[in-house]
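> Got a sequence here, can you build the structure:
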Amino acid sequence: MVDQLSRSCFYLFVFLFSLHTHASDMDKEKRWEAQIVDALIIGDAVKLKAGTNEFLGIFAEHSTEKAMGGAIILHGIGAHPAWPEVIQPLRTQLPDYGWATLSLQMPILTNDAKSEDYAPLFNEVHPRIQAGVDYLKMKGLQNIVIVAHSMGASMATFYLSDKPDSTVTAFVGIGMSQHKSNSKMDNTFSLRKITLPVLDIYGGRDLPSVINSAKARKTAATKAKNTQYTQLKIEGADHFFNYTDAVLVKRVRGWLAKNAAGTEVKVK
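Numbers count the residues shown, from 1 in each chain. Here you go, the predicted structure:
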C-alpha cells in the first residue's frame, strides 16, 4: 500500500513537473517586458491574455491617412516583441505604409533550450495569436495579416493550418525551416493546409535548414493548390537580415500592398 502510494505521488510529481517545463518561461517574459516597456519610442505596450496568462504586446498605429489593415508580428526563438533584428524594423516601419502593427510576445524557454524543446509550447500558440487578432479587431481593424520570423513563422503556420480567424487574410514567413521531428513545428507540413496568400522570404546566406527546405516548402504550397504562394530569396541576407533589413521591409510592404491591402478602416 505504501509502495503504491509512493508511486502515485511520484507520477503526480512528474506530471506536474512536466506541465511546468512545457510552459513558457514567464519569469523570462517578465524580465524582457521590464527591459522593453520603458525604452519604447514607437508603439505602446499592451497587456493581452491567453487563458490565465497575461503577455506583452506592442501596438503601433498606422501613420498614413488610410489604413490598409493590421499586421501581427511574431519573433523567433527565445526573443521578444521589440527584438532589434527583423522584428523592430518591421513593427516600426510598416505603420508608415498603412499597417498598424501588433508585435506579440510568443512562448519562450531559457537561453540554452534547443529548437526541438519548443514543441510542447505550441499548445500555447493558438491562444496568443488569437488574442492578438481579437485585439486588432477591437481596434476596428478587420483586415489582418501575420508577419513572422523563424520559430515565430512555425508558430504562425501552425495557427494558420487549423481554421484560423477569417479576418487573417495573408501571411509573410521569414526564414522558415523544416522540423521533421514534429509536425506542429514543421512549416512544410502546415503549408500543405494553407491557401491564403503567402510570401515565403529568406536570405541567400540563411541557415542551412532554411535554404535546404526551400524546395520542400514550395512543394507543400503546390500540394495545397495555393496559387497565391510566392517564394523570394534575398541575395546576401543572413537569417537575421543584418544590414539588409531595409530590403526586407521594402519587399514585405510591397508584397502586402499588392496581395493583402484592405479597405480604409478607422482605428479606435
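> Is there a neighbour count for residue 228? I'd like the number.
With neighbours defined by other Cβ atoms under 10 Å, the count for residue 228 comes to 14. Every C-beta, even on glycine, is put in place using the N, C-alpha and C of the backbone.
> got a list of what the spatially most central residue of the chain touches?
The chain has residue 74 as the residue nearest its centroid, 2.9 Å off, counting by Cα atoms, centre = their mean. By Cβ atoms under 8 Å, 6 or more residues apart in numbering, the contact list for residue 74 reads 103, 104, 106, 129, 146, 147, 148, 149, 152, 153, 155, 156.
> my hunch is that the first one is in a strand, does that hold up?
Yes - the assignment for residue 103, made by DSSP: H, G, I helix; E, B strand; the rest coil, places it in a strand.
> I'd like the mean pLDDT over the strand or helix carrying residue 30, please.
Using DSSP states H and E, the element containing residue 30 is helix 26-37. Per-residue pLDDT over helix 26-37 has a mean of 92.
> likewise stretch 89-101?
In this model, stretch 89-101 has a mean pLDDT of 97.
> got a list of contacts for that stretch?
Stretch 89-101 is contacted from outside by 42-43, 58-64, 66-73, 81-82, 103, 136, 139, 141, 145, 147, 241, 245-246, 248-249, 252-253, 256-257, 261, 267, using Cβ under 8 Å, 6+ apart.
> wait, doesn't residue 116 sit right on residue 182?
Yes - with contact defined as Cβ atoms under 8 Å, residue 116 counts as touching residue 182 (7.0 Å).
> neighbour count winner among those two?
For residue 116 and residue 182, the more surrounded residue by other Cβ under 10 Å is residue 182, and the numbers stand at 15 against 10.
> From what I see, that one and residue 117 are in contact.
No - using Cβ under 8 Å, residue 182 is not in contact with residue 117, being 10.6 Å away.
> follow-up on the earlier one: redo the contacts of residue 74 as CSV? Include neighbour count.
Formatted as CSV, the contacts of residue 74 follow (neighbours: other Cβ atoms under 10 Å):
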residue, neighbour count
103, 29
104, 26
106, 28
129, 26
146, 28
147, 29
148, 30
149, 28
152, 31
153, 27
155, 29
156, 28
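> Run the chain-centre distance for stretch 181-192.
Centroid displacement of stretch 181-192 relative to its chain, using Cα atoms, centre = their mean, to the nearest Å, is 15 Å.
> Going by neighbour count, which residues of it are buried?
184, 185, 186, 187, 188, 189, 190, 191, 192 (16 or more other Cβ atoms under 10 Å).
> Can you pick out the most distant pair from the residues you listed?
The largest separation in the buried residues of stretch 181-192, counting by Cβ to Cβ, is between 185 and 192 at 14.3 Å.
> where does the stretch 151-268 of the chain dip in pLDDT?
Within the stretch 151-268 of the chain, the stretches with pLDDT under 70 are 263-268.
> what about the strands in it?
Secondary structure of the stretch 151-268 of the chain (DSSP state E, counting those that start in this stretch): strands located at 168-174, 198-205, 229-238.
> Can you tell me which of the ones you listed is most buried?
Neighbour counts (mean count of other Cβ atoms under 10 Å) averaged over each of the strands of the stretch 151-268 of the chain peak at strand 168-174, with a mean of 26.
> on that earlier part again, now the common contact residues for residue 116 and residue 182.
Common neighbours of residue 116 and residue 182 (Cβ under 8 Å, 6+ apart) do not exist.
> Only whichever of the contacts of stretch 89-101 are buried, select them in PyMOL.
Only the buried members of those enter the following PyMOL selection, criterion being 16+ other Cβ under 10 Å:
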select buried, resi 43+58+59+60+61+62+67+68+69+70+71+72+73+81+82+103+136+139+141+145+147+241+245+248+249+252+253+256+261
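> Appreciated, that's everything.
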